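Asker: Predicted model and sequence follow; I will ask about them next.
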Amino acid sequence: MRGLLLAAVMLGTVSAAHAADMPDLPILRGSFTDGLTNARPNWQGYYVGGQGDYGKITSKISSTINSDIQSTFVTPGPAYNWQPLAAAQSSTAGYGVFAGYNGQWDDVVLGIEANYIHGGFKSTSSSTGLTFDNTSTVVATTKTSAVVGISDFGSLRMRAGYAWGCFLPYAFFGGGLGSQTVDRYASASPASVQPPTTSATKTKLVYGYSAGAGVDVVLVGGLFARAEYEYQRVTSDIESNIHSVRAGLGYKF
């Protein structure tokens, strides 16, 4: 009996010492994990976020887009030398929001996302024409320009990604609607007494599609960061192509 008691005491002492030597186990909190750990986060669920972008727009403006305005100018001398317009380009920054839902099957993540950007993209094309007399003296000057602006664009995307630790690289494709404004201007000097038309403005709803790729990265809890590239094509009377890079911050519930 005394031997059994002595064996039990020795076994308990060894077990307590072994438990004291064990490291603390990581504890998962919230939708993701506490920072960039080795534990695989759960990407399934709803999420929202904000974003900023910077990009370049190129608009395919017709070389004769201002012919109707130019025809209202009457020259008192030699015919005006109106120069054609080339493709319009510019670079600008913008901001917006996004919201969506992810479904996850093992490491494969599929989702749908609504994305909105208020960009203020304005591509500008302008030209100047000079009219000379027989002595190579300038007798008339013309200026013409067109500005294509896309102020807002909202799209609905389908996303497909692969969970790799705390990183979620993904690709997307979608379609959307936006607001496009076209401002046109023309001037000539000298001009006749007849009041000419110098400008015209038109705003319309346009549609298009977008595609790109990016990566979401878990920061802490449900908070994640995003980096992304997007190509947008706006199809309308004036086709516009936009290449932009974005950075965002979101939260998954």
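Answerer: Now that the structure is in, tell me what you want to look at.
Asker: low-scoring stretches of the stretch 51-200 of the chain, by residue?
Answerer: Applying pLDDT under 70 to the stretch 51-200 of the chain flags residues 193.
Asker: give me that answer again for 90
Answerer: Filtered on pLDDT under 90, the stretch 51-200 of the chain yields the residue ranges 62-64, 74-79, 86-89, 119-122, 131-140, 151-152, 165, 189-197.
Asker: Please enumerate the helices of it.
Answerer: Ranges of helices in the stretch 51-200 of the chain, per DSSP state H, counting those that start in this stretch, are 67-70.
Asker: Going along the chain, name the strands of it.
Answerer: Here the stretch 51-200 of the chain has its strands, by DSSP state E, counting those that start in this stretch, at 88-105, 108-132, 138-162, 167-189, 199-220.
Asker: Gln70 is nearest to which of those?
Answerer: Among those, the nearest to Gln70 by Cβ to Cβ is strand 167-189 (5.3 Å). Every residue, glycine included, has its C-beta placed from N, CA and C.
Asker: and that closest one, how far out from the chain's middle?
Answerer: Put simply, strand 167-189 sits 10 Å off its chain's centre (Cα atoms, centre = their mean, to the nearest Å).
Asker: Point out the other elements, helices or strands, that it touches.
Answerer: Other helices and strands packing on strand 167-189, by 3 or more Cβ pairs under 8 Å, 6 or more residues apart in numbering; DSSP states H and E, are helix 67-70, strand 108-132, strand 138-162, strand 199-220.
Asker: just to revisit the earlier point, put together CSV for the strands of the stretch 51-200 of the chain, with distance to Gly250 on each row.
Answerer: Formatted as CSV, these follow (distance: least, Cβ to Cβ, whole Å):
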stretch, distance to Gly250
strand 88-105, 7
strand 108-132, 10
strand 138-162, 13
strand 167-189, 11
strand 199-220, 7
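Asker: Make a markdown table out of those and add mean neighbour count.
Answerer: Output for these, formatted as a markdown table (neighbours: other Cβ atoms under 10 Å):
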| stretch | mean neighbour count |
| --- | --- |
| strand 88-105 | 16 |
| strand 108-132 | 18 |
| strand 138-162 | 19 |
| strand 167-189 | 18 |
| strand 199-220 | 16 |
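Asker: where's the closest residue to Ser192 other than its chain neighbours relative to Thr144, distance?
Answerer: Spatial nearest neighbour of Ser192, excluding adjacent residues (Cβ to Cβ, 6 or more residues apart in numbering): Val74 at 4.0 Å. As judged by Cβ to Cβ, to the nearest Å, Val74 and Thr144 stand 16 Å apart.
Asker: ditto for Phe253
Answerer: From Phe253 to Thr144 the distance is 53 Å (Cβ to Cβ).
Asker: now swap in Leu205 and tell me
Answerer: Distance of Leu205 to Thr144, computed by Cβ to Cβ: 26 Å.
Asker: try Ala225
Answerer: 45 Å.
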